[in-house]
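Novice: the following comprises the amino acid sequence and a computationally predicted model.
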Amino acid sequence: MQSSARIGSNKQKNLREKLVDLNWFIVFVIIAVAGIGFAMLYSVAGGSIDPWAKNQFIRFLIGLGVMVVIAIIDIRVWMFLAYPLYALSLGMLVIVDVMGEMGKGSQRWLDLGFMNLQPSEFMKIALVMALARYFHCLSDDDTLKIKSLFKPIVLIILPVILVLRQPDLGTTLLIVMGGVALLFAAGVRMWLFIFSFVSMIPAAFGAWQFLKPYQKQRVLTFLDPEKDPLGAGYHIIQSKIALGSGGVYGKGFIQGTQSQLNFLPEKHTDFIFTVIAEELGLIGGLSLLGLYFILLSYAMIVSVSVKSQFGRLLILGMVITFFLYLFINIAMVMGLVPVVGVPLPLVSYGGSAMLTLMVGFGFILSTAVHKETSIPRGGAFA
């Protein structure tokens, strides 16, 4: 009863107050980043809103509405729904494994009629929510105990197994890295991470024999793309040409030869940053990175002012997920990491990734709006 009373003791904001407290500057920055994406999708289609820019714009408007709705809902509601949403996402992954849609050799999507939904994208968010709730309900002393790691490890492993079966190595890596990073943010002992990393080194060599042929080819291509310049190494070679040819100011909007002449594969999805670099140059690329930096900085600032452990971990989890999207995509098109099929946040074409990121930003804004809301550790949520 005492914990329930404490849960209800925080002053409730009305809808108008929540909308006023919403950081509209950050909403504008999000719109600006998405706007760059619309422009680039218009460009790679040869100056047409079809087939990519129009669909992406519609998806963004839906995502924007979802983001605002999430932002004004009390963060305690999201904490209560953390486990159910994780279970729902896991259930959708099971359905994908049984009757999912095939595409490019992988079984990753659910056909909803109006769009293909990729549940593994939403699992990234649901996993963060579940882990944040779990560690919120633990005391600081319990967090340090090894036995307390059993449940979060299971929460991470279950979706990893299902996503690997699709197969989708890129998303699997994002889920693992995001989950492990959140364990670190929650306060799990450092020596456990060091021990796990050292233990995984021999396991990584053993895992080579279990990789599919195309996955092995990606690693070999990363190590030496010139070995097969017209085959497996074609993507990354053309990407580097596009990145370097833009110079400081770029070739001009809709003037990129690599993208307009179709030398650049997957120019509307994974490799769209190279289109930005070629057409808008170094200045355009750095401008986009500057907008991303504003979003990440804002989230980190909010994370240190939030009163609840759940809110802090929720924001850190979303920041980690967003940063991994950004880092892996840009490193991938530069040839710094193997090509694993990770989209550029809010810019690459794709409905599931767009909605996932907008939901993530909704949680960041919700935490900011309700940062004064204190949630007791354990109690009704344990």
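Specialist: It's in.

Novice: quick one: low-confidence parts of the stretch 201-350 of the chain?
Specialist: 201-212, 214-233 (pLDDT under 70).

Novice: switch to 80 and redo it
Specialist: The model of the stretch 201-350 of the chain has pLDDT under 80 over residues 201-235, 259-266, 339-341.

Novice: surely residue 173 is in contact with residue 337?
Specialist: No: applying Cβ atoms under 8 Å, one finds residue 173 not in contact with residue 337, separated by 9.7 Å. No exception for glycine: its C-beta is placed from N, CA and C like everyone else's.

Novice: and for these two, which residues touch both?
Specialist: residue 328 (Cβ atoms under 8 Å, 6 or more residues apart in numbering).

Novice: what's the longest helix in the chain?
Specialist: Using DSSP state H to define each element, the chain has its longest helix at helix 272-303.

Novice: okay, strands next: where are they in the stretch 151-300 of the chain?
Specialist: Along the stretch 151-300 of the chain, no segments are classed as strands by DSSP state E, counting those that start in this stretch.

Novice: mind exporting the host helix or strand of residue 59 as CSV, just the C-alpha atoms?
Specialist: Residue 59 belongs to helix 53-72 when assigned by DSSP states H and E. Taking C-alpha atoms only, helix 53-72 is exported to CSV below (Å, rounded to 0.1, in the frame of the first residue of the first chain):
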residue,chain,number,x,y,z
ALA,A,53,10.1,10.0,-51.1
LYS,A,54,6.3,10.0,-51.0
ASN,A,55,6.0,6.8,-49.1
GLN,A,56,8.7,7.8,-46.6
PHE,A,57,7.0,11.2,-46.0
ILE,A,58,3.7,9.4,-45.2
ARG,A,59,5.4,7.0,-42.8
PHE,A,60,7.2,9.9,-41.1
LEU,A,61,3.9,11.8,-40.6
ILE,A,62,2.5,8.7,-38.9
GLY,A,63,5.6,8.2,-36.9
LEU,A,64,5.5,11.9,-35.8
GLY,A,65,2.0,11.5,-34.5
VAL,A,66,3.0,8.3,-32.7
MET,A,67,6.0,10.1,-31.2
VAL,A,68,4.0,13.0,-29.8
VAL,A,69,1.4,10.6,-28.3
ILE,A,70,4.1,8.5,-26.6
ALA,A,71,5.7,11.7,-25.3
ILE,A,72,2.6,12.9,-23.5
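
Novice: average pLDDT across that helix?
Specialist: Mean pLDDT, computed over helix 53-72, is 94.

Novice: now do whatever helix or strand comes next after it: distance to the chain's middle.
Specialist: Later in the chain than helix 53-72, the nearest helix or strand by DSSP H and E is helix 75-80. Centroid separation for helix 75-80 versus its chain: 21 Å, with Cα atoms, centre = their mean, to the nearest Å.

Novice: ok, now stretch 245-256?
Specialist: Using Cα atoms, centre = their mean, the offset of stretch 245-256 from its chain centre is 28 Å.
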